[in-house]
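Got a sequence here, can you model it:
(4 chains)
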There are 2 protein chains.
Amino acid sequence: MSKRLLKITWKVDDKLNHKLSIKKIAQLTGVSTATVSRVINDNGRFSEETRKRVQSAIEKYGYEPNRVAKSLRVNKSNTVGIIVPDITNSFFSSTVQQIEVYLFDHGYSTIICNTAHNQEKESKYLKVLESEMVDGIIIISGALDFKSTDLHSKLPLICIDRNPKDDNALFVGSDHYAGAVLATEYLVKEVQDITIVLPDRKSVSPLERLRGFSDTVKKYPAIKTAIFLDDGNEERLQRFLVQKKSTNNIFGIFANSDNLAAKILLQAHLLGINVPKQMKLIGFDDAPIAQICYPQLTTIRQNEKEIAELAGEKLIKLITRIPIQGKKSIRVPVKLIIRGTT
Amino acid sequence: MSKRLLKITWKVDDKLNHKLSIKKIAQLTGVSTATVSRVINDNGRFSEETRKRVQSAIEKYGYEPNRVAKSLRVNKSNTVGIIVPDITNSFFSSTVQQIEVYLFDHGYSTIICNTAHNQEKESKYLKVLESEMVDGIIIISGALDFKSTDLHSKLPLICIDRNPKDDNALFVGSDHYAGAVLATEYLVKEVQDITIVLPDRKSVSPLERLRGFSDTVKKYPAIKTAIFLDDGNEERLQRFLVQKKSTNNIFGIFANSDNLAAKILLQAHLLGINVPKQMKLIGFDDAPIAQICYPQLTTIRQNEKEIAELAGEKLIKLITRIPIQGKKSIRVPVKLIIRGTT
DNA sequence: CTGAAAGCGCTTACAG
DNA sequence: CTGAAAGCGCTTACAG
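Coordinates of the predicted model:
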């Protein structure tokens, strides 16, 4: 008991705690702080001998420059912020992961801010990032209306799956419209009755997919179509499926995400609807779950890696003021992946 | 074409870009920077009238204090860093999400660093966070051996699902051992043949679960047991399941995660193994996927929220130097959730 | 090749 | 109640 019920207090040991500064290294090496700074940044002239002395001292004492001080001084932090509405969403988290990889390889650290779909938090984090002196921001999805007033300075900004109202922002995202067209065209060949299932909360991408769906379906007047808005209420979803099942007709569903598709698939199992015999189902994302479901999900694959790299590349260009040739709005192609649910 | 092929260059407009400083606000209000600082931080004495003047100027111009400068000055950033091996993992991302919520409510911003299971990146980000002057760090899982030497200063540190070698670090995590015991005891009642499936990469939690499994199974000498290490090779997994199926005996599987369980479940479907009739399956986590699978997964639920809040609470105590009463190592209870796969 | 000094935007004893 | 000044840890013209 005595051992486990340890009382732990943080040890205040200012001597040990005292982090090394450039000044200390300068003293240790017998040169000025200016010189130390020069060798650290390999910037300016210094003799080879000085370099060695300074460098060995740095290594010996494990000195690490204070980025905060540096940022303040040079007004640049080599850090970019990502604002993401829900890190728990697999498309978002994998995109963020890829962005981080790209930026890391290009010398930037990434600060990820999760807003939990909370507008207030988004504003807050935008300010935090700004006052944190990040060099640029990537902001993913979120609400439809983006108050660019939240950003006081002209920080380089990339929007993913979100319409920038701001002229200074670039957009990159999947070609949701084309994806919806692909899915719909495929279903049209198989069934006479198609429902698109969208989440209740509307953001940019579902709306574009809806457009793609509507435009396609318009070309086939014989097809019966509907929109189902999913608010997470399972019973509503069940009732909807029961009704479809009772018609004894084959019907198709185009779900806004693989996650949604998987939920529908589960209900189908429970209700004894045969997939793909009576119900054809297409998801969106090609999330990990698409391959874990049974049957595996036919879906529209988003290319997170491409999106992430484009976003990273453009952002760095904005930061380093390299002119960007090309469209302000980049659409990354998507792909129909056919599996077991169609 | 002309419209879409816009050439975008970042506008360098130093006048507009010039962020407001405390000095500017001081000039605008006709007081000293010291006074402005006092009203911003509501710290020290100033007249009500001064407060009003300063505050209205701040609002009018949308001034936001520079956190970098402040951090440098007061040696505290009100920011904590989280290091997570894979943000794509649902247990991790949901834990991180919960930690963020807790810390936000307590006045801290959160910087999330994703290491993609890369040791080098972990070291790097540890240094980045430190030189970013975060007030504390929460580090989740990752490799077995934690080089505390990566941290030069005595930063407050909480480890989640990872053994701190460092005396100054606290541990919080699920009671993996008890979870494994629960799962195993349950299976023991149903089947005579149990295999535990663990990931190839070993970290702390699977090893504890293995201990729980082994200790439990020891009490039932009649039970046939095995360990299967999953390296992601599907064919190996298939062969394993085929072999089990061919015995025509009911068998049980305790998988290290719901994700793994879902993969096994899919293979079972493909191989025509009836779950739960011939195969009983228990996962771990109670991840979203557990409820989306068919049949829904019996699993051991981890309490991410509790873990997150404990980690946040303890970290803040360390940061603010409030003595911590109690164990250095906190185990959060888990729960057996019975669903369709057993 | 190197150093002294100014300054990034803040806060905080100190003095009044 | 308020201001002048020092200083957090860096970088970078400037001068030599």
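
Can you report how many residues neighbour A:Phe213?
When counting by other Cβ atoms under 10 Å in any protein chain shown, one arrives at 24 neighbours for A:Phe213. Quick note: C-beta positions are derived from backbone N, CA and C, even for glycine.

three-state assignment of it?
helix (DSSP: H, G, I helix; E, B strand; the rest coil).

try A:Ile227
Classification of A:Ile227 by three-state DSSP places it in strand.

That one and A:Gln238, how far apart?
Distance of A:Ile227 to A:Gln238, computed by Cβ to Cβ, to the nearest Å: 18 Å.

Can you report how many residues lie near the residue in the stretch 201-342 of chain A that DNA strand C sits nearest to?
Using Cβ to the nearest atom of the strand, the closest approach of the stretch 201-342 of chain A to DNA strand C is made by A:Ile319 at 18.0 Å. Neighbourhood size, A:Ile319 [other Cβ under 10 Å]: 18.

Name the secondary structure element that contains A:Arg339.
Element membership of A:Arg339 [criterion: DSSP states H and E] is none; it lies in no helix or strand.

so who does it touch?
A:Ala290, A:Gln291, A:Pro295, A:Gln296, A:Leu297, A:Thr298, A:Thr299 (Cβ atoms under 8 Å, 6 or more residues apart in numbering or on different chains).

repeat that for 10 Å
A:276, A:281-283, A:286, A:290-291, A:293, A:295-299 (Cβ atoms under 10 Å, 6 or more residues apart in numbering or on different chains).

Now it. Nearest residue, chain neighbours left out?
Distance criterion Cβ to Cβ, 6 or more residues apart in numbering or on different chains; nearest residue to A:Arg339, sequence neighbours excluded, is A:Gln296 at 4.0 Å.

Which helix or strand contains the closest residue in space to A:Glu309 that isn't next to it in sequence?
By the measure of Cβ to Cβ, 6+ apart, the closest residue to A:Glu309 outside its immediate chain neighbours is A:Tyr102, 5.2 Å from it. For A:Tyr102, the host element (DSSP H and E) is helix A:90-105.

Render the CA-only coordinates of that helix in CSV, please.
Extracted in CSV, the C-alpha atoms of helix A:90-105 (Å, rounded to 0.1, in the frame of the first residue of the first chain):
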residue,chain,number,x,y,z
SER,A,90,-11.9,8.0,-41.1
PHE,A,91,-11.7,10.1,-44.2
PHE,A,92,-10.6,13.1,-42.1
SER,A,93,-8.1,11.3,-40.0
SER,A,94,-6.5,9.6,-42.9
THR,A,95,-6.3,12.9,-44.8
VAL,A,96,-4.8,14.6,-41.8
GLN,A,97,-2.3,11.8,-41.4
GLN,A,98,-1.2,12.1,-45.0
ILE,A,99,-0.9,15.9,-44.8
GLU,A,100,1.3,15.5,-41.7
VAL,A,101,3.6,13.1,-43.6
TYR,A,102,3.9,15.4,-46.5
LEU,A,103,4.6,18.5,-44.4
PHE,A,104,7.0,16.7,-42.2
ASP,A,105,9.0,15.6,-45.2
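
Give me the next element, helix or strand, following it.
strand A:109-114.

list the helices and strands that following strand packs on?
When contacts are defined as 3 or more Cβ pairs under 10 Å, 6 or more residues apart in numbering or on different chains; DSSP states H and E, strand A:109-114 sits against strand A:79-84, helix A:90-105, helix A:119-131, strand A:136-140, strand B:79-84, helix B:90-105, strand B:109-114, helix B:119-131.

still on that earlier bit, the residue nearest to A:Arg339 contacts B:Gln267, doesn't it?
No - look at A:Gln296 against B:Gln267 with Cβ atoms under 10 Å: they stay out of range, at 11.6 Å.

for A:Ser37, phi and psi?
Note on A:Ser37: its backbone torsions stand at phi -60, psi -40 [degrees, to the nearest 10].

Kindly state the pLDDT recorded for it?
A:Ser37 is assigned a pLDDT of 96 by the prediction.

Equivalent analysis for the one 4 residues further on, please.
Confidence at A:Asn41, expressed as pLDDT, is 93.

and the nearest residue to A:His176 once chain neighbours are set aside, how many neighbours?
Closest residue to A:His176 apart from its sequence neighbours, by Cβ to Cβ, 6+ apart: A:Glu208 at 3.9 Å. Residue neighbour count, defined by other Cβ under 10 Å, stands at 21 for A:Glu208.

Let's verify A:Val275: helix, strand, or coil?
Judged by three-state DSSP, the three-state class of A:Val275 is coil.

just A:Gly252 next, same as before
In three-state terms, and counting by three-state DSSP, A:Gly252 is strand.

What residues are bridge-paired with it?
Note on A:Gly252: beta-bridge partners by DSSP bridges are A:Ile194, A:Lys280.

could you list every residue that touches it?
When contacts are counted by Cβ under 10 Å, 6+ apart, A:Gly252 touches A:183-184, A:186-196, A:223, A:225, A:244, A:276, A:279-282, A:342.

Mind pulling the model confidence for it?
As predicted, A:Gly252 sits at a pLDDT of 97.

Same question for A:Ser2.
On pLDDT, A:Ser2 comes in at 37.

Which residue is the nearest non-sequential neighbour of A:Gly232?
Closest residue in space to A:Gly232, ignoring its immediate chain neighbours: A:Asp200 at 7.4 Å, by Cβ to Cβ, 6+ apart.

so who does that neighbour touch?
For A:Asp200, the contacting residues are A:Pro206, A:Leu229, A:Asp230, A:Asp231, A:Gly232, A:Asn233, by Cβ under 10 Å, 6+ apart.

so which of the residues you listed is the most crowded?
Of all the contacts of A:Asp200, A:Pro206 has the most neighbours under the rule other Cβ under 10 Å, reaching 22 neighbours.

That residue in helix, strand or coil?
helix.

Near the residue nearest to A:Glu309, how many other residues are there?
For A:Tyr102, the neighbour count with other Cβ under 10 Å is 20.

which parts of chain A sit against DNA strand C?
Residues of chain A found near DNA strand C (Cβ under 7 Å from any atom of the strand) are A:30-35, A:38, A:44-47, A:49-50, A:69, A:72-73, A:75.

List buried residues within the residues you listed.
Neighbour-count burial (16 or more other Cβ atoms under 10 Å in any protein chain shown) applied to those gives A:Val31, A:Thr35, A:Arg38, A:Phe46, A:Thr50, A:Ala69, A:Leu72.

Roughly how far does the last one sit from DNA strand D?
Distance from A:Leu72 to DNA strand D, counting by Cβ to the nearest atom of the strand, to the nearest Å: 4 Å.

For A:Arg331, which non-adjacent residue is closest in space?
In this structure, A:Arg331 finds its nearest non-sequential neighbour in A:Asp175, 4.1 Å apart by Cβ to Cβ, 6+ apart.

How about the residues of the stretch 1-150 of chain A by DNA strand D?
Applying Cβ under 7 Å from any atom of the strand, we find that the stretch 1-150 of chain A lies next to DNA strand D at A:19-23, A:33-34, A:37-38, A:40-41, A:43-44, A:63, A:65-66, A:69-70, A:72-74.

Tabulate the contacts of A:Asp200 in a markdown table, adding columns for distance to DNA strand D and pLDDT.
Converted to a markdown table, the contacts of A:Asp200 look like this (distance: Cβ to the nearest atom of the strand, whole Å; pLDDT from 0 to 100):
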| residue | distance to DNA strand D | pLDDT |
| --- | --- | --- |
| A:Pro206 | 45 | 94 |
| A:Leu229 | 53 | 96 |
| A:Asp230 | 52 | 95 |
| A:Asp231 | 51 | 93 |
| A:Gly232 | 49 | 89 |
| A:Asn233 | 54 | 93 |
